[in-house]
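>>> predicted model, plus sequence, below.
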Amino acid sequence: MNIMRTTLKNSFSIAILLLATATVQAQDGQQLFKAKCNTCHMIDKNSTGPNLKGAKQKWTDAGEGELIYEWVNNPQTLIASGNSKMATAIKSFSPTDMTPQQVTKEEIDAILNYVDTYVSPATATVGTDSTGTATQPIAAVSDYNGNLTLFYWLLTAIFVLLIAIIIMSTSITTLIRSDYFKKKLKENEQTSNVLKSIILILGFTSLMSYTNQALALTFMQPGEAEKGTPWLLVEAMDLYFLIAINMTLIGVLLYLRRMFNDFMLMARPAKHVEAPAAQTLKKINTILTDAVAIEEEHTILMQHEYDGIRELDNNLPPWWLWGFYATIVFAVIYLFNYHVFKTSDLQYKEYDKEMAQAKEDVDAYLSKMAMNVDETNASLLTDKDALSSGKALFEANCVVCHNPNGEGNIGPNLTDEAWIYTPDVKDIFKTIKMGTPNGMPEHASKLNPIQIQQVASFVLSLPYTKGLDPKGKIFPKDEAK
């Protein structure tokens, strides 16, 4: 029993150790791949070097499973020995020679295991925003809750207008049917106008019965609506239609009111009273000044006199008095709003907020515009921060082929005056972004436009370092721009 327990305990410990080792190896494989292979190889497709996924199995199937380690450590020696068909085949894949890597057999296994088990992340987004962040498509959705509220108000207005129209129509009908009106109508010979009005009322009634059928609304059945969805789905066109009905009803109501007044005048003509102009001016003067008429000034005489001059006790003009009261109310509201409750900001605080918001808007605009850099508008950066960032990116992505000082290795010397293309920053930007047929890999999938511009500017700032022989055409340093 003790032996069995010891055996189970040891087996359990070994299993945990193997699982931990596999996890660490997978993590180390990812780090090693990024440090040693990421410059020339991509996991999902061919780049400067071939696709590494399934590479170990291909070498094993060719009977050269152990030679893959020698290929990674010293590829040129393996090719020269002629002992490996796989090495010869890979040699013909690219004009760029495989760079020897100082890695152990275990590290090679970790890298290949990471590549073989790599799963590409899903790419379900449809676009990117100004910062490069993936965005989902935005679909316009009606605000059914808000539309339903407006629908209630518009429907209430329709009912109120209909009640008013019914009352007005009933009043007109009662007036028309009265014997007194018929007598006056016969005397004034206005039968045609009355008939037109009756036809209009009948036509409007038919129109309302039609609109009840024309309004298309969607009623949600039990269990059909999602959470937060109202029982009735009102579209914008439904609201426009209800507004049109309200406007029509208002027009009909106003017309019926005018018709009723006309009929009343026909039955009982109003007396024509014309107010004198003097009386109108007097009313206006009273409203604006509250002055006492001259013939009544004796009622407001003061009890003191000087040199035959007497003083009247007139009231203050109403317009001035109400303006004074308004300033008092305004002062109280201003005091509580700005100084007591501090609901609104004083001018200096509002200015600070507007300046801060303006700075945020400017920064957001500059950040958005910064990502619009491409090979047609790239410019040479000279500030220290940009060159420092470019140096860090160069050391992470370019030293394998160009060496840390840019003197060249697999790739050409970047510090002399010889250039395969031109030393123009736009051409260098294009080369880094898209790569070249000579073995230079593209970096658009690894670096954003700002980073590519920083690397290009750093390359043009490198001092001359002796290295590979010049390749290309000689361009003096002062032509770089």
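Nice, I can see it. A quick note: this is a predicted structure, and the numbers were derived from the prediction, not measured. Numbers count the residues shown, from 1 in each chain.
>>> list the buried residues in the helix or strand encompassing Gly251.
Using DSSP states H and E, Gly251 sits within helix 236-267. By neighbour count on 16 or more other CB atoms under 10 Å, the buried set for helix 236-267 is 238-239, 241-242, 245-246, 248-249, 252-253, 255-256, 259-260, 263, 266-267. All C-beta spots, glycine's among them, are computed from the backbone N, C-alpha and C.
>>> now do the helices in the stretch 51-200 of the chain.
Secondary structure of the stretch 51-200 of the chain (DSSP state H, counting those that start in this stretch): helices located at 55-61, 67-73, 75-81, 85-91, 105-116, 144-177, 179-188, 191-214.
>>> not counting sequence-adjacent ones, nearest residue to Asn409?
Nearest residue to Asn409 in three dimensions, chain neighbours excluded: Asn403, at 4.9 Å (CB to CB, 6 or more residues apart in numbering).
>>> can you list the domain ranges for this protein.
According to automatic domain parsing, the chain comprises the domains 2-120, 144-267, 384-479.
>>> quick check: mean pLDDT across the last one?
Right, the one you point to is domain 384-479. Averaged over domain 384-479, pLDDT sits at 89.
>>> next one: the second one
Here the mean pLDDT over domain 144-267 is 71, rounded to a whole number.
>>> check the first one too.
For domain 2-120, the mean pLDDT works out to 70.
>>> for Ile309, what are phi and psi?
Main-chain torsions, Ile309, degrees, to the nearest 10: phi -100, psi 130.
>>> that one and Ile294, how far apart?
The gap separating Ile309 from Ile294 is 16 Å, by CB to CB, to the nearest Å.
>>> same check on Leu346?
From Leu346 over to Ile294 the distance is 52 Å, taken as CB to CB.
>>> Val252 too?
51 Å.
>>> equivalent analysis for Leu393, please.
For Leu393, the distance to Ile294 (CB to CB) stands at 95 Å.
>>> more neighbours: those two, which one.
More crowded of Leu393 and Ile294, by other CB atoms under 10 Å: Leu393, with 19 against 7.
>>> who's in contact with the host helix or strand of that one?
Element membership for Leu393 (DSSP H and E) is helix 384-397. Helix 384-397 is contacted from outside by 39, 381, 402, 404, 406, 443, 446-447, 451, 453-459, 461, using CB atoms under 8 Å, 6 or more residues apart in numbering.
>>> please name the nearest non-neighbouring residue to Ser47.
Leaving aside its chain neighbours, Ser47 sits nearest to Pro441 (5.1 Å; criterion: CB to CB, 6+ apart).
>>> contact partners for that neighbour?
Contacts of Pro441 (CB under 8 Å, 6+ apart): Thr39, Cys40, Ser47, Thr48, Gly435.
>>> check His304 too.
Contact analysis of His304 by CB under 8 Å, 6+ apart lists Arg310, Glu311.
>>> looks to me like it is in a helix.
No: secondary structure of His304 (DSSP: H, G, I helix; E, B strand; the rest coil): strand, not part of a helix.
>>> pLDDT score assigned to it?
Confidence score, pLDDT, at His304: 83.
>>> kindly report the same for Val273.
Residue-level pLDDT assigned to Val273 equals 55.
>>> for Ala396, give its distance to Leu447.
According to CB to CB, Ala396 and Leu447 sit 10 Å apart.
>>> if we can go back for a sec, got the contacts of Pro441 as JSON lines, with neighbour count columns?
Formatted as JSON lines, the contacts of Pro441 follow (neighbours: other CB atoms under 10 Å):
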{"residue": "Thr39", "neighbour count": "21"}
{"residue": "Cys40", "neighbour count": "19"}
{"residue": "Ser47", "neighbour count": "20"}
{"residue": "Thr48", "neighbour count": "21"}
{"residue": "Gly435", "neighbour count": "16"}
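>>> which one of those residues is nearest Thr422?
Nearest to Thr422 out of the contacts of Pro441 is Gly435 (CB to CB; 16.6 Å).
>>> check contacts around the closest one.
Gly435 sits next to Thr48, Pro441, Glu442, His443 when contact means CB under 8 Å, 6+ apart.
>>> which residues are in contact with stretch 280-293?
Thr299, Ile300, Leu312, Asn314, Asn315, Leu316, Pro317, Pro318, Trp319.
>>> so which of those residues are in strands?
Leu312 (DSSP state E).
>>> sorry, back to before: highest mean neighbour count out of the domains of the chain?
Mean neighbours per residue, mean count of other CB atoms under 10 Å, is largest over the domains of the chain for domain 384-479, with a mean of 17.
>>> what's the distance between that domain and the middle of its chain?
37 Å (CA atoms, centre = their mean, to the nearest Å).
>>> quick one: the nearest residue to Gly65 once chain neighbours are set aside from Ala89, how far?
Nearest residue to Gly65 in three dimensions, chain neighbours excluded: Trp59, at 5.5 Å (CB to CB, 6+ apart). Going from Trp59 to Ala89 by CB to CB gives 11 Å.
>>> can you name the residues that contact Gly54?
Shown in contact with Gly54 (CB under 8 Å, 6+ apart): Asp116.
>>> what about it, distance to Glu305?
121 Å.
>>> picking up where we left off before, dump the domains of the chain to a markdown table, plus distance to Gln279.
As requested, the domains of the chain are exported to a markdown table (distance: least, CB to CB, whole Å):
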| stretch | distance to Gln279 |
| --- | --- |
| domain 2-120 | 93 |
| domain 144-267 | 24 |
| domain 384-479 | 81 |
